[in-house]
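Asker: no FASTA, just this:
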Ligand SMILES: Nc1ncnc2c1ncn2[C@@H]1O[C@H](COP(=O)(O)OP(=O)(O)OP(=O)(O)O)[C@@H](O)[C@H]1O
């Protein structure tokens, strides 16, 4: 299968902003969800995790952001071992997690929502500089700055969430199902914003139900199965691989399934 794709191997040369190395993690006494998982997120890259429901994609993000401590394995951010850190420390280390679903506070203004992302920052000049950065990256955030966030469309609210996550100048943003609940046109726009984030120098680790769409946007794809990275490679190559397409992406576009 996918002979032109490289199997995941631990430890690689520098340039990776996030490395999850040989992670075992699970919930309570239940069997481990992640069983020796290794993922690398290089700088200026969108890495997308795909895989069946329950494969552990969201669990990977929870481990990376410190919401779930791994039973074993290492988490390395830009060369520094941060294994065992909690969510607050992980944020300080450069990992920002945009959770699944909508986390905008509808009764607060766009400004208040975005500035929540700066609650650990004390330097007002730095906050001002970050506000300018996110308003530049997501113009709608600046245009609707003083309005209630609940008045924005779903895609605009997602940009507010992205902007909030970028206030602390993260090295890697962890995005869990950013297209959830959005129509296809809005989803396209949200994926365009993800590319803008990458082009602005933020690496992205993305989990998406809409695997084909996400791989069209991502630079690198990782297929999770049975708690490990089953295969990884350039996202375009994963998309073009017929077997992977049939197994994980619902078949190839425009192709009829043959009778079995
Ligand atoms: N808080 C939790 N407590 C106990 N088990 C959990 C918890 N969260 C997830 N799990 C279990 O961990 C496994 C992996 O879940 P996870 O949400 O990471 O998968 P996923 O690949 O993101 O799934 P989906 O594509 O359906 O969102 C599942 O079996 C799930 O039931």
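Answerer: Perfect, thanks for sending it. Treat the numbers as computed from the prediction; the structure is a model and nothing was measured. Residues are numbered from 1 along each chain as shown.

Asker: ok but residue 245 is inside a helix, no?
Answerer: Yes. The assignment for residue 245 (DSSP: H, G, I helix; E, B strand; the rest coil) places it in a helix.

Asker: how close does it get to the ligand?
Answerer: Using CB to the nearest ligand atom, to the nearest Å, residue 245 is found at 18 Å from the ligand. Quick note: C-beta positions are derived from backbone N, CA and C, even for glycine.

Asker: what is the burial count for that residue?
Answerer: Residue 245 has 19 neighbours, counted by other CB atoms under 10 Å.

Asker: show me the contacts for residue 191.
Answerer: Applying CB atoms under 8 Å, 6 or more residues apart in numbering, we find residue 191 in contact with 178-179, 213-214, 216-217.

Asker: what do you get for residue 51?
Answerer: Contact analysis of residue 51 by CB under 8 Å, 6+ apart lists 57, 223-225, 230, 248.

Asker: from these, which are also near the ligand?
Answerer: With the criterion set as CB under 6 Å from any ligand atom, the members of the contacts of residue 51 near the ligand are residue 57.

Asker: residues of the protein that sit close to the ligand?
Answerer: So the chain meets the ligand at 27, 33, 51, 53-59, 209 (CB under 6 Å from any ligand atom).

Asker: scan the residues you listed and report the most crowded one.
Answerer: Using other CB under 10 Å as the neighbour test, the residues of the chain next to the ligand are led by residue 56, with 26 neighbours.

Asker: quick one, phi psi at it?
Answerer: phi 110, psi 20 (degrees, to the nearest 10).

Asker: I appreciate the help and will end here.
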